[in-house]
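Chemist: structure of the sequence below:
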Amino acid sequence: MAIDVRLDGLTLAVSSVRRSMKFYSETLGFAIVVDAAPDFAMVRVGGKGGGTIGLLSLKHAVGGKAKRVTPAMRKGAHLELSTSDLDGLYEKLKARGVEFDEPPHDEPWERSASARDPDGYTLEFAQDEGAAPARARKRKAS
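Modeler: Presented below is the predicted three-dimensional model:
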């Protein structure tokens, strides 16, 4: 039985809030809704109805006594974003300087491409189910 909850956002521990703000707003095109740099910022994904990504300074995220967030821990975080035109988005972001780990490709469950943000968090861009190629939808249904 499903419960009535929605994911509205998540927060990432970042080494530089200003650098991350620039990447998420200028490079990816997301709107900054809170600018409390150098400590915190929040960007909105997908317009007014979209969720948010909080960008929290490492010094606040892990505290003075905690260990730092390691590159391996960052690589373990996976943020999936969807679009109706993956190939078009890929070309647009590539032209803006986003370095992709892999170009758009088909998986049995979706079409996707992945990149990393300035702190090494994985950003997966996936094509909406409704816009997926017929072969991907067919495999998903199997």
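
Chemist: following the chain past the longest helix belonging to the chain, name the next helix or strand.
Modeler: Taking DSSP state H as the criterion, the chain has its longest helix at helix 86-95. Per DSSP states H and E, helix 86-95 leads on to strand 100-106 as the next helix or strand towards the C-terminus.

Chemist: mind listing what's buried in that following strand?
Modeler: residue 104 (16 or more other Cβ atoms under 10 Å). Every C-beta, even on glycine, is put in place using the N, C-alpha and C of the backbone.

Chemist: that strand packs against which elements?
Modeler: helix 86-95, strand 111-116 (3 or more Cβ pairs under 8 Å, 6 or more residues apart in numbering; DSSP states H and E).

Chemist: output the below-cut-off pLDDT ranges for the protein.
Modeler: 64-67, 130-142 (pLDDT under 70).

Chemist: could you list the domains of it?
Modeler: Domain assignment of the chain by automatic domain parsing yields the ranges 1-62, 74-142.

Chemist: Throw the ones you listed into a markdown table and include distance to residue 68, thanks.
Modeler: Below are the domains of the chain laid out as a markdown table (distance: least, Cβ to Cβ, whole Å):
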| stretch | distance to residue 68 |
| --- | --- |
| domain 1-62 | 6 |
| domain 74-142 | 10 |
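
Chemist: could you pull out the strands in the protein for me?
Modeler: In the chain, the strands defined using DSSP state E lie at 9-14, 31-36, 40-44, 52-57, 78-83, 100-106, 111-116, 122-127.

Chemist: returning to what we had before: would you put the C-alpha positions of the longest helix of the chain in PDB?
Modeler: Provided in PDB are the C-alpha atoms of helix 86-95 (Å, rounded to 0.1, in the frame of the first residue of the first chain):
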ATOM      1  CA  LEU A  86      17.700  13.500 -23.700                       C
ATOM      2  CA  ASP A  87      19.800  13.900 -26.900                       C
ATOM      3  CA  GLY A  88      18.900  17.600 -27.200                       C
ATOM      4  CA  LEU A  89      19.700  18.200 -23.500                       C
ATOM      5  CA  TYR A  90      23.000  16.300 -23.800                       C
ATOM      6  CA  GLU A  91      24.100  18.500 -26.800                       C
ATOM      7  CA  LYS A  92      23.000  21.700 -25.000                       C
ATOM      8  CA  LEU A  93      24.800  20.900 -21.700                       C
ATOM      9  CA  LYS A  94      27.900  19.600 -23.600                       C
ATOM     10  CA  ALA A  95      28.000  23.000 -25.300                       C
END
